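Asks: structure for the following, please:
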Amino acid sequence: MATTAPKTFLITGVSSGLGRAFALGALDAGHHVIGTVRREADAEAFAALAPDRAYPLVLDVTDFDAIPAAVTDAEQQAGSIDVLVNNAGYGHEGVLEESSMDDLQRQFAANVFGPVAMAKAVLPGMRARRRGHIINVTSMGGFITMPGIGFYCGSKFALEGISEALGKEVAGFGIQVTALAPGQFRTDWAGRSMARTPRSLADYDTVMDPIRAARQAKSGNQPGDPAKAARALLALVESPNPPVRLFLGEDALGLVEQKLDGMRAEIAAWDALSRSTSFTSSALSETGYR
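Replies: Modelled structure (predicted):
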């Protein structure tokens, strides 16, 4: 059961993957969970998990106009939302030159615009109550990058930036915002849930073919345990001072630290050129900045 008073969670995408693990963890801990699904059959299955505390919400997070009313209806049934977990989304795999602008728009609609629309729907209530926690599930791909998933990484970079800025905007209202960035977890993300652009340009074979083969081979054998990710989510929610960003998984931490080391080295190597673009001290004094 919950170690604190039960909360009402709104978790998007609870029919599978991390979303389902998050919902199960919150329900097992005694919380109430509003979970979005896209099919009636999934709604019935979700409600059966805890008939008095699991509230299915049939909603596609890319149907932006439907979100405000859906959230209002859900709160009338389950109570005021304490925690929003923006989990719904998907991965797109494809070389940028081979992928279409429609691919990019669909990726951002699900991974960026949908979470923003959900946040906008819960913020008025959280602001009025002067409390709440918005958790945007990003990815280690929101800080590091890998070839072949540029659209996905771009969407997660965008959500990371929006999360960090939003946190600064609402901190004075008692609302906390965290970007939760998982590494590789044992879900269907790299399997049936991933959209893949067909290969068409042979020049990219040496880059893409090994990556695509390795990702498909690892699907179902990733190191991360979704149930442990759910326990981490609950610890995050119960913290009085949650982080702006939390990485999940040793693989995520290792790759992020590797990138930070590379960034520091590159910044140092180009330090002089970076600094060369400022006005001189005398020019600054003439303009009144000093």
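Asks: could you use CA atoms for every contact and neighbour count after this?
Replies: Will do.
Asks: list the contacts of the residue nearest to residue 187 when sequence neighbours are not counted.
Replies: Beyond its immediate neighbours in the sequence, the residue positioned closest to residue 187 (Cα to Cα, 6 or more residues apart in numbering) is residue 17, lying 4.9 Å away. For residue 17, the contacting residues are 186-189, 226, taking Cα atoms under 8 Å, 6 or more residues apart in numbering as the criterion.
Asks: which of the residues you listed fall in strands?
Replies: Per DSSP state E, strands hold no members of the contacts of residue 17.
Asks: nearest to residue 140 among those?
Replies: For residue 140, the nearest member of those is residue 189. The distance, counting by Cα to Cα, is 13.6 Å.
Asks: give the contact list for residue 234.
Replies: 25-26.
Asks: in terms of helices and strands, where is it?
Replies: Element membership for residue 234, per DSSP states H and E: helix 226-238.
Asks: same for the top strand by length along the chain, what does it pack against?
Replies: In the chain, with assignment by DSSP E, the single longest strand is strand 175-182. Packing partners of strand 175-182 (3 or more Cα pairs under 8 Å, 6 or more residues apart in numbering; DSSP states H and E): strand 132-137, helix 150-170, strand 245-248.
Asks: again, only using 6 Å
Replies: Identification of packing neighbours for strand 175-182 by 3 or more Cα pairs under 6 Å, 6 or more residues apart in numbering; DSSP states H and E yields strand 132-137, strand 245-248.
Asks: deepest of those strands, which one?
Replies: For those, the stretch with the most neighbours on average is strand 132-137, a mean of 25; neighbours defined as mean count of other Cα atoms under 10 Å.
Asks: just checking: what are the partner strands of it?
Replies: Strand 132-137 has the following strand partners under DSSP bridges: strand 83-86 (parallel), strand 175-182 (parallel).
Asks: export those to JSON lines and tack on distance to residue 115?
Replies: Converted to JSON lines, these look like this (distance: least, Cα to Cα, whole Å):
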{"stretch": "strand 83-86", "distance to residue 115": "6"}
{"stretch": "strand 175-182", "distance to residue 115": "12"}
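Asks: among the ones you listed, which is nearest residue 65?
Replies: With Cα to Cα as the criterion, residue 65 lies closest to strand 83-86 of these, at 17.0 Å.
Asks: can you give me the strands for this structure?
Replies: According to DSSP E, the chain carries its strands in the segments 8-11, 32-37, 54-58, 83-86, 92-93, 132-137, 175-182, 195-196, 245-248.
Asks: what's the pLDDT at the nearest residue to residue 68 once chain neighbours are set aside?
Replies: Computed as Cα to Cα, 6+ apart, the closest residue to residue 68 that is not its neighbour in sequence is residue 121, at 5.2 Å. At residue 121, the model reports a pLDDT of 98.
Asks: use 58 as the first number from now on
Replies: Taking 58 as the first residue, the last one we looked at is residue 178.
Asks: can you give me the neighbour number for residue 178?
Replies: The criterion is other Cα atoms under 10 Å. On that basis, residue 178 has 18 neighbouring residues.
Asks: for the one 3 residues further on, same thing?
Replies: Residues near residue 181, counting by other Cα under 10 Å, number 11.
Asks: same thing with residue 66?
Replies: Using other Cα under 10 Å, residue 66 has 27 other residues around it.
Asks: contacts only, for it.
Replies: Residue 66 makes contacts with 90-91, 138, 140-141, as judged by Cα atoms under 6 Å, 6 or more residues apart in numbering.
Asks: which of those ranks first by neighbour count?
Replies: residue 90 (29 neighbours).
Asks: I figured that one hits residue 111, correct?
Replies: Yes: counting by Cα atoms under 6 Å, residue 111 is a contact partner of residue 90 at 5.1 Å.
Asks: good, wrapping up.
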